[in-house]
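Q: Provided below are the primary sequence and the corresponding predicted coordinates.
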Amino acid sequence: MDLTIEGKAYINENFEDFCIGITDGKISDIKKILKGDEHYKFRGKIILPAGIDIHVHFRDPGLTHKEDFSTGTMAAAHGGVSCVFDMPNTIPQTTTLQTVSDKIISAGKKAYVDFGIYAGIADNNIKNIEELAKKCCGFKIYLGSTTNSLQFSSKNLKETFDRIGSTNKPVLIHAEDNNCLAKFELKENNLVDHMNSRPAECEEASIKNILKTIRDTGTKVHICHLSSIEGLELLRKRSKNISCGVTPHHLLFTAQDDLKPQPHYKVNPPLRSNFDREALFGGLKNGLIDTLESDHAPHTLKEKDKEFNNAPSGLPGVETMLPLFLYMAKKETLSFQRLVSLLCKKPADLLNIPKGRIEVGKDADFIVVDLKKDCKIKSEDLHSKCGWTPFEGRPAIFPEYVFVRGEKLIEDHEMLGIQGFGRFVG
């Protein structure tokens with residue numbers, strides 16, 4: 001046994017004192033007493049499975065002045081995330097076997113944590129889905145226009161679902177109906193304008209179409225960044241092959257909040273009303289929502305600090321997501337059971353990877369947390385290349401130690417890992 005970790009660990013949905021044995025990067029044993037070649041004992045702290053972020057935009061290649069796989073995965077590691085999944089709307093877009101392969105190779109040289117790559121589906125590559133599935137971890141469809149998104153017509157949804165279903169890979173969907181969005185275009189001066197230009201009825205129309213189309217297929221579908229009560233209600237009685245996620249920003253902010261500067265909080269889908277926010281938080285607590293996902297989409301401050309209508313949509317969040325909700329779990333705003341399900345178990349199940357649980361046979365990905373040591377989030381302490389956070393001043397708990405496949409990446413909040421340690425999980 002290479003390593004043993006001892007402490008109060010979250011196992012079988014309870015905290016209990018255990019020793020976790022690790023061999024070749026996998027959990028090989030869990031008992032009350034174990035001894036390995038190396039032994040760590042953590043007193044007064046808790047051991048949790050590391051987080052999995054199924055939704056990041058690391059801008060690599062093409063826009064690496066905002067972020068790249070080195071800075072993005074370093075931020076993820078400091079935030080307790082051991083595995084990230086990168087979206088295809090980069091430059092070039094990852095829509096071919098070559099661009100998917102190139103991104104995997106490039107990311108493998110830079111990544112501090114494990115990673116997956118999605119292939120984007122557009123109208124012109126639907127017939128290549130089976131070929132793309134040999135390389136990618138899953139697929140992404142944009143039903144509504146957003147930053148550098150791929151052109152996809154909803155009339156192709158049925159064929160696309162059928163083809164993806166045959167691959168056994170999931171498809172993640174940006175669910176805003178493009179035809180609906182076109183009816184509400186207007187010059188935007190603030191967050192309320194942005195909300196009105198991308199109203200909830202466009203999310204509702206898109207989800208209705210997805211549910212109607214998926215009815216006759218077994219395709220595994222995930223609705224990304226749910227933002228409205230209307231969307232949530234439609235998904236209340238969904239089938240088991242349909243999941244949905246929500247972001248921290250849609251749970252913590254509204255368009256009517258006194259958020260400054262306003263362009264920093266411009267995002268697609270937009271921040272909505274307090275009614276939507278509270279409904280989403282209720283869905284998070286009662287199990288209607290399956291995953292937390294950061295939708296980490298960094299832009300530089302120079303790009304964000306423009307007239308609202310011209311500012312890009314998107315904000316960073318991979319490093320702050322788990323710490324924000326660890327603090328909420330400490331305050332019992334959200335249970336640890338739900339937190340682990342949302343950020344560890346369900347993401348691992350969706351992407352079919354051996355992570356997300358402290359169980360024999362799973363990857364030895366852990367975080368060690370001292371619940372007494374909360375702090376205020378500060379941009380200057382974070383690691384994303386973009387250099388700012390919308391969660392400035394929010395209370396959070398950052399993990400003191402992070403292990404990925406049994407290797408200690410973070411110790412006392414300091415990076416010990418090296419670039420290129422992260423592996424592709426496909």
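A: Here it is on my side, so go on.

Q: Tell me where the model's unsure across the chain.
A: Within the chain, the stretches with pLDDT under 70 are 147-149, 216.

Q: max-length strand in this structure?
A: strand 38-49 (DSSP state E).

Q: tell me how far it is from the chain's mean position?
A: 25 Å (C-alpha atoms, centre = their mean, to the nearest Å).

Q: and if you look at stretch 413-424?
A: 19 Å.

Q: Just say helix, strand or coil for residue 205.
A: Three-state assignment for residue 205 (DSSP: H, G, I helix; E, B strand; the rest coil): helix.

Q: tell me the domain boundaries of this structure?
A: 3-47+362-415, 50-351 (automatic domain parsing).

Q: To residue 424, which of these lies closest?
A: With C-beta to C-beta as the measure, domain 50-351 is the member of the domains of the chain nearest residue 424 (5.1 Å). The way it works is simple: take the backbone N, C-alpha and C, and place the C-beta from them, glycine included.

Q: right, and the domains of the chain - which one's nearest residue 422?
A: Nearest of the domains of the chain (C-beta to C-beta): domain 50-351, 2.9 Å.

Q: just the strands in the stretch 301-426 of the chain please.
A: Using DSSP state E, counting those that start in this stretch, the strands found in the stretch 301-426 of the chain span residues 366-369, 375-376, 395-396, 401-404, 407-411, 414-415.

Q: For the ones you listed, give me a markdown table that also has distance to residue 155.
A: Formatted as a markdown table, the strands of the stretch 301-426 of the chain follow (distance: least, C-beta to C-beta, whole Å):
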| stretch | distance to residue 155 |
| --- | --- |
| strand 366-369 | 45 |
| strand 375-376 | 49 |
| strand 395-396 | 44 |
| strand 401-404 | 43 |
| strand 407-411 | 46 |
| strand 414-415 | 48 |
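
Q: The ones you listed into a markdown table, with extra columns for mean neighbour count and distance to residue 71?
A: What follows is the strands of the stretch 301-426 of the chain, written out as a markdown table (neighbours: other C-beta atoms under 10 Å; distance: least, C-beta to C-beta, whole Å):
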| stretch | mean neighbour count | distance to residue 71 |
| --- | --- | --- |
| strand 366-369 | 26 | 20 |
| strand 375-376 | 12 | 21 |
| strand 395-396 | 19 | 19 |
| strand 401-404 | 26 | 16 |
| strand 407-411 | 20 | 15 |
| strand 414-415 | 12 | 12 |
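
Q: of these, which approaches residue 246 most closely?
A: Judging the strands of the stretch 301-426 of the chain by C-beta to C-beta, what sits closest to residue 246 is strand 395-396, at 17.9 Å.

Q: which residues does residue 170 contact?
A: Going by C-beta atoms under 8 Å, 6 or more residues apart in numbering, residue 170 touches 138-139, 220-222, 350-351.

Q: In the longest strand of the chain, which residues are buried?
A: In terms of neighbour count (16 or more other C-beta atoms under 10 Å), strand 38-49 has its buried residues at 40, 42, 45-49.

Q: and what of stretch 255-272?
A: Going by 16+ other C-beta under 10 Å, stretch 255-272 has these buried residues: 255, 259, 262-272.

Q: re the thing from before, of all the domains of the chain, which gets the most neighbours per residue?
A: Comparing these by mean neighbour count (mean count of other C-beta atoms under 10 Å), domain 50-351 comes out on top with a mean of 21.

Q: ok, so of the buried residues of stretch 255-272, who is nearest residue 295?
A: Closest approach between these and residue 295, by C-beta to C-beta: residue 267, at 7.5 Å.

Q: Walking through this protein, point out its helices one by one.
A: Using DSSP state H, the helices found in the chain span residues 69-78, 97-110, 129-132, 157-165, 178-182, 191-197, 200-214, 229-234, 248-252, 274-286, 301-304, 321-330, 336-340, 346-351.

Q: Columns distance to residue 364 on top of the ones you listed, output as CSV?
A: CSV is the format used below for the helices of the chain (distance: least, C-beta to C-beta, whole Å):
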stretch, distance to residue 364
helix 69-78, 15
helix 97-110, 20
helix 129-132, 31
helix 157-165, 32
helix 178-182, 44
helix 191-197, 42
helix 200-214, 36
helix 229-234, 35
helix 248-252, 27
helix 274-286, 28
helix 301-304, 38
helix 321-330, 18
helix 336-340, 16
helix 346-351, 14
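
Q: Tell me which of those lies nearest to residue 381.
A: Residue 381 lies closest to helix 69-78 among the helices of the chain, at 8.8 Å (C-beta to C-beta).

Q: Put the alpha carbons of that closest one into PDB.
A: C-alpha atoms of helix 69-78 as PDB (Å, rounded to 0.1, in the frame of the first residue of the first chain):
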ATOM      1  CA  PHE A  69      -5.100  24.900 -19.200                       C
ATOM      2  CA  SER A  70      -2.200  25.700 -16.800                       C
ATOM      3  CA  THR A  71      -3.800  28.600 -15.000                       C
ATOM      4  CA  GLY A  72      -7.300  27.100 -15.200                       C
ATOM      5  CA  THR A  73      -6.400  23.800 -13.700                       C
ATOM      6  CA  MET A  74      -4.200  25.500 -11.100                       C
ATOM      7  CA  ALA A  75      -7.300  27.500 -10.100                       C
ATOM      8  CA  ALA A  76      -9.300  24.300 -10.000                       C
ATOM      9  CA  ALA A  77      -6.800  22.500  -7.800                       C
ATOM     10  CA  HIS A  78      -6.800  25.400  -5.200                       C
END
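
Q: Any chance you could list what contacts that helix?
A: 53, 56, 58-60, 82, 84, 86, 106-107, 110-113, 115, 296, 316, 318-319, 382-385, 398, 402, 404, 409-410, 413, 415, 417, 419, 422.
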